[in-house]
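S.K.: all I have is the shape, not the residue letters:
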């Protein structure tokens, strides 16, 4: 689980660390946060559809939703498929 942080380069490592059947949770600021904080680097903010749009095959998104908070954030919960028996 990662909250309050976004670095696109960190996602592959987090994905690889999820065990079969395990969960990946992520919450980070969206691009809309830059309206209130113009100095916030764009690279620290989720683009539309992220992070779910960046998950590899084998992950099922259970929920991805924007939170009504300040600064604007999006949260995602996804499950990795169980290993074939």
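M.R.: Now that the structure is in, tell me what you want to look at. Predicted model only: the values in this text are computed from it and were never measured. Numbers count the residues shown, from 1 in each chain.

S.K.: do a quick rundown of the strands in the chain.
M.R.: Along the chain, counting by DSSP state E, strands occupy 2-3, 23-29, 59-67, 73-80.

S.K.: and the pLDDT at the residue nearest the centre of the chain?
M.R.: For the chain, the residue nearest the mean C-alpha position is residue 51 (3.6 Å; CA atoms, centre = their mean). As predicted, residue 51 sits at a pLDDT of 97.

S.K.: again with residue 79
M.R.: Residue 79 is assigned 98 on the pLDDT scale.

S.K.: what's the neighbour count on it?
M.R.: By other CB atoms under 10 Å, the residues close to residue 79 number 16. In this view, the C-beta of every residue, glycine as well, is placed from N, C-alpha and C.

S.K.: over to residue 81?
M.R.: Residue 81: 11 neighbours (other CB under 10 Å).

S.K.: again with residue 1
M.R.: 9.

S.K.: doesn't residue 18 make contact with it?
M.R.: No - between residue 1 and residue 18 there is no contact under CB atoms under 8 Å: 10.5 Å.

S.K.: what touches both of the two?
M.R.: Here residue 1 and residue 18 share the contacting residues residue 24, scored by CB atoms under 8 Å, 6 or more residues apart in numbering.
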